[in-house]
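Pasted the sequence and its predicted model underneath.
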Amino acid sequence: MSMKTFLLSGLAVVVAGGLFWTLTDSPEATRAAPATDIAAASVPGLSTLDIPQAYLIQASEEGAQLDRMIVYKSPTCGCCSLWIDHLEENGFEVEVRDDPAMMPIKQEVGVPNEMVSCHTGVIAGRIVEGHVPADVIRAFLEDEEAYEKWAGIAVPGMPVGSPGMEVEGRAADPYDVVAFDRQGNTAVFASR
């Protein structure tokens, strides 16, 4: 099977024997996980995102799985679990990775500080941060122009009424789903 290389962030990731290794400056920061974490990074025709730091990902040319997401969350976060339920109810297959130290994960995958929420998803080589509705995730992944331009989408903070943040008897707060790239640019992708 041939391999394709993509530029995604500041760490080198290598696929071999069903595992990937993130190579960093310190051994403590090295992570190992199933290759499915990054196999979704391969999308035919995907250009590099002009990321200033080199983060090489090798993945098969078979294409991205647009319905399989890995979600990193705190083991004690109830709203994260409710959001995952929302995704699964809407046809996503979710692999949950509980980790009490979420900020290093967010930094490793490239979530901008202004976009931070409680959980971080990775799907098809893109980031989904926070309580993003399932239909907006699908729309983002299926929009070739947006997928090519943006590193991910986020619902910063934890707005009431977003999936997993519903409060009985309280009206939903209006909120935006924000697209972001690795140079600090943002744009509203959807509003609710």
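Great, that's in hand.

Check A172 and give its pLDDT.
Predicted confidence (pLDDT) for A172: 94.

Same question for A16.
A16 is given a pLDDT of 29.

what's the answer for the one 5 residues further on, then?
According to the model's per-residue confidence, W21 sits at a pLDDT of 28.

mind listing the strands for the chain?
3-7, 12-16, 19-23, 32-34, 56-60, 68-73, 93-98, 120-123, 126-130, 152-155, 176-180, 186-191 (DSSP state E).

Now do the contacts for the closest residue to V155 other than its chain neighbours.
Leaving aside its chain neighbours, V155 sits nearest to G130 (4.0 Å; criterion: CB to CB, 6 or more residues apart in numbering). Glycine gets a C-beta too; all of them are placed from N, C-alpha and C. Listed by CB atoms under 8 Å, 6 or more residues apart in numbering, the contact set of G130 reads 115-119, 154-158, 162.

Please parse the chain into its domains.
Domain assignment for the chain, taken from automatic domain parsing, gives 1-64, 65-192.

Kindly check the end-to-end length of the last one for me.
Think domain 65-192. Domain 65-192 stretches 26 Å from its first residue to its last (CA to CA, to the nearest Å).

And for stretch 118-132?
11 Å.
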